[in-house]
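Chemist: dropping a prediction and its sequence here:
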Amino acid sequence: MVDVNEFLKNDEPLPSAPDERGTADDSTELDIQKAVVESLAEDKVKMELEFSELKKKVEELTAENAAISKERDAAASETESLRMELARLRGEMDRMGAALAANAEGKLSTQVTLLERDVDLPDRFEGEMRDHVIEAVREARNKAEECGRVRCAQVLEAVLVANEPTGNLEAHRAALTKLFADNQNILSGPVLEELQKLGIFHKNGENYLLPDEIIKRTY
């Protein structure tokens with residue numbers, strides 16, 4: 001049995017009852033820690049998702065960059081090929097130009113003059129002889145094609161391409177044809193007068209020519 005007086009004499013405190021408030025504080029702290037942990041866990045999950053998405057994006061960008069690099073290399077290679085082809089064509093053009101210049105200055109010039117002729121045989125109208133020569137070249141081209149003279153036909157075609165007719169010969173031929181047609185192909189007085197104005201002969205010696213013969217002999 002404890003002596004109360006002896007206990008008081010020793011100045012020792014009496015035993016106290018358990019503090020219920022301390023127990024409540026511990027519980028609250030645990031709840032807070034739990035909430036923090038759960039929040040951190042959620043944040044971790046979100047960060048992992050974001051990291052995964054960023055990693056995927058990086059991989060996509062890396063693949064795109066590789067494709068772009070490949071296309072750039074291919075474009076650079078094609079550009080270089082085109083540059084080399086351009087240089088080759090420029091060289092060919094320079095050589096052809098030099099050859100043409102040399103030919104143009106020589107006796108065998110490719111610059112064919114179609115109408116070098118005697119001055120005593122002048123044009124009766126502008127472009128008459130030029131058109132006659134071009135027609136003759138065209139007929140020769142057609143004949144060469146029919147006969148299978150391929151190279152000859154090619155040369156004559158090249159001359160035709162470089163020399164366009166004036167069209168005046170064809171116009172005069174058409175006008176004369178119309179004159180005869182309007183007069184029923186009869187060499188009447190007015191027709192003969194018109195032929196005389198044009199300097200067109202209608203007789204071969206003492207014989208009168210037919211309208212078709214006059215056209216053929218004249219144009």
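Modeler: Thanks, I have the structure now. Every value quoted in this text rests on a predicted model; they were computed, and no experiment measured them. Residues are numbered from 1 along each chain as shown.
Chemist: CA atoms only for stretch 132-147 - export them in PDB, please.
Modeler: Output of stretch 132-147 as PDB, limited to C-alpha atoms (Å, rounded to 0.1, in the frame of the first residue of the first chain):
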ATOM      1  CA  HIS A 132       8.700  28.500-157.600                       C
ATOM      2  CA  VAL A 133      11.900  27.200-156.100                       C
ATOM      3  CA  ILE A 134      10.100  26.100-152.900                       C
ATOM      4  CA  GLU A 135       7.400  24.400-154.900                       C
ATOM      5  CA  ALA A 136      10.100  22.600-156.900                       C
ATOM      6  CA  VAL A 137      11.800  21.500-153.700                       C
ATOM      7  CA  ARG A 138       8.500  20.300-152.300                       C
ATOM      8  CA  GLU A 139       7.800  18.200-155.400                       C
ATOM      9  CA  ALA A 140      11.300  16.800-155.300                       C
ATOM     10  CA  ARG A 141      10.800  15.900-151.600                       C
ATOM     11  CA  ASN A 142       7.600  14.100-152.400                       C
ATOM     12  CA  LYS A 143       9.200  12.200-155.300                       C
ATOM     13  CA  ALA A 144      12.200  11.200-153.100                       C
ATOM     14  CA  GLU A 145       9.800   9.900-150.500                       C
ATOM     15  CA  GLU A 146       7.900   7.900-153.100                       C
ATOM     16  CA  CYS A 147      11.200   6.400-154.500                       C
END
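Chemist: now do it: everything it contacts.
Modeler: The contact list for stretch 132-147, computed with CB atoms under 8 Å, 6 or more residues apart in numbering, reads 114-115, 150, 152-153, 156-157, 159-160, 163-165, 169. Glycine gets a C-beta too; all of them are placed from N, C-alpha and C.
Chemist: now for those residues: which two are most distant?
Modeler: Val150 and Leu169 (28.4 Å; CB to CB).
Chemist: looking at these two now, which is surrounded by more residues?
Modeler: Leu169 (20 against 10; other CB atoms under 10 Å).
Chemist: and the more buried one, what does it touch?
Modeler: Leu169 touches 127-128, 131-132, 135, 219, counting by CB under 8 Å, 6+ apart.
Chemist: in strands, which of the residues you listed fall?
Modeler: Among those, DSSP state E puts none in strands.
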